[in-house]
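Asks: Got a predicted model here, sequence first, then my questions.
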Amino acid sequence: MTIRIALLFVCAGAAFGQGISVGIKGGVPLTDIIEGQGLGGSIPLVTQTRRYTAGPAFELRLPFRLGIEVNALYKRFEVESGGQTATGSSWEFPVLGKYRFTSGLVRPYLEAGITFNRLSDVLTLETGNRKGFTAGGGLELKVPVLRFSAGLRYSRLEGKLAIPSANQADLLFGIMLP
């Protein structure tokens with residue numbers, strides 16, 4: 001028990017000495033949020049995903065070029081089925097481990113983790129939650145006051161809702177304060 005407490009204080013001290021970054025992420029969804037058939041599979045769905053995603057980003061930088069990133073990303077879409085149209089929203093909350101390959105000015109990175117997703121306000125679906133695996137990669141540019149990033153992110157989501165697309169891909173850009 002004493003060893004666990006000592007280890008907790010050592011890890012907490014190491015984490016406290018690291019940097020916390022805040023910023024924004026935004027980009028373009030490369031896939032539709034909704035696909036398939038509506039109302040029991042007999043009426044086709046016509047969807048239009050608004051071509052933006054945006055939200056706040058937080059990162060805890062750890063030793064050895066590692067980090068933990070958390071986002072809250074918002075997407076909007078429209079669904080038409082059987083002559084009725086509705087607007088829906090999607091919130092994604094990825095929690096990602098991040099590894100930077102170098103510590104220079106330009107830093108390639110990989111990220112992976114879990115994503116929680118909340119769909120709401122949809123004509124043909126009940127509001128629901130999904131979760132899944134997320135992986136991505138990209139480049140980060142570090143200048144004295146800011147860090148800029150650009151990358152691709154893929155999510156495989158699963159849940160009780162049958163109609164939403166299980167595969168999500170986004171091109172994301174970020175601006176973070178060091």
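Replies: Okay, I see it.
Asks: Report the distance from stretch 132-141 to the chain centre.
Replies: The gap between the average C-alpha position of stretch 132-141 and the chain average comes to 9 Å, counting by Cα atoms, centre = their mean, to the nearest Å.
Asks: Measure how far the lengthiest strand in the chain is from the centre of its chain, please.
Replies: Ordering each strand of the chain by length in residues (DSSP state E) puts strand 84-100 first. The chain centroid and the centroid of strand 84-100 are separated by 5 Å under Cα atoms, centre = their mean.
Asks: and the one helix or strand Glu69 maps to, how far from the chain's centre?
Replies: Per DSSP states H and E, Glu69 falls inside strand 66-71. Put simply, strand 66-71 sits 11 Å off its chain's centre (Cα atoms, centre = their mean).
Asks: any residues touching it, and which ones?
Replies: Among residues not part of strand 66-71, those counted as contacts by Cβ atoms under 8 Å, 6 or more residues apart in numbering are 25, 55-62, 92-100, 111. (C-beta placed from N, C-alpha, C; glycine too.)
Asks: before we move on, the earlier item: now do the longest strand of the chain: which elements does it pack against?
Replies: Strand 84-100 is packed against strand 66-71, strand 73-81, strand 106-120, strand 128-142, strand 147-159, with contacts defined by 3 or more Cβ pairs under 8 Å, 6 or more residues apart in numbering; DSSP states H and E.
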